[in-house]
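>>> missing the sequence, but the structure's below:
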């Protein structure tokens, strides 16, 4: 299950996004947590904000801010989860 993703992997992914991708992302107005969330969604598919926080080890307030920014900018959309009616985040195809 995705919730069991190794936190060390998430930390390394976060470090990668803050170092090698920082200049490119900054030019686009994208912050590091948003980059990690985009990579996670691309790799694992639709996820709830809670799952994003657990799997990426990003603080839930930072996840919420990144998700709001992504939705506002059209990088992602919120859809209802058919299983429980809660929200899930998708990257538009």
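Nice, thanks for sending it over. None of these values were measured; they are calculated from a predicted model.

>>> ok, then the element right after the lowest-mean-pLDDT helix or strand in the chain?
Least confident helix or strand, the chain: helix 22-28 with a mean of 54, by mean pLDDT, DSSP states H and E. Where DSSP states H and E defines the elements, the next helix or strand beyond helix 22-28 is helix 32-44.

>>> quick check: mean pLDDT of stretch 34-44?
Mean per-residue pLDDT for stretch 34-44: 83.

>>> buried sites along it?
For stretch 34-44, burial by neighbour count (16 or more other CB atoms under 10 Å) applies to 34-41. The way it works is simple: take the backbone N, C-alpha and C, and place the C-beta from them, glycine included.

>>> again with stretch 44-62
So, applying 16+ other CB under 10 Å, buried residues of stretch 44-62: 46-49, 51-58, 62.

>>> one more: stretch 66-82?
So for stretch 66-82, counting by 16+ other CB under 10 Å, buried means 66-67, 69-70, 75-76, 78.

>>> in the protein, which spans are strands?
Using DSSP state E, the strands found in the chain span residues 77-80, 87-90.

>>> so which elements touch the last one?
Helices and strands touching strand 87-90, as assessed by 3 or more CB pairs under 8 Å, 6 or more residues apart in numbering; DSSP states H and E, comprise helix 32-44, helix 49-56, helix 60-72, strand 77-80.

>>> also the first one?
Using 3+ CB pairs under 8 Å, 6+ apart as the contact criterion, the secondary-structure elements in contact with strand 77-80 are helix 60-72, strand 87-90.

>>> hmm, residue 35 and residue 70 touching each other?
No: the criterion here is CB atoms under 8 Å, and residue 70 misses it with residue 35 at 10.3 Å.

>>> show me the contacts for the residue nearest to residue 50 when sequence neighbours are not counted.
Spatial nearest neighbour of residue 50, chain neighbours left out: residue 60 (7.5 Å); criterion: CB to CB, 6 or more residues apart in numbering. By CB atoms under 8 Å, 6 or more residues apart in numbering, the residues touching residue 60 are 49-50, 53.
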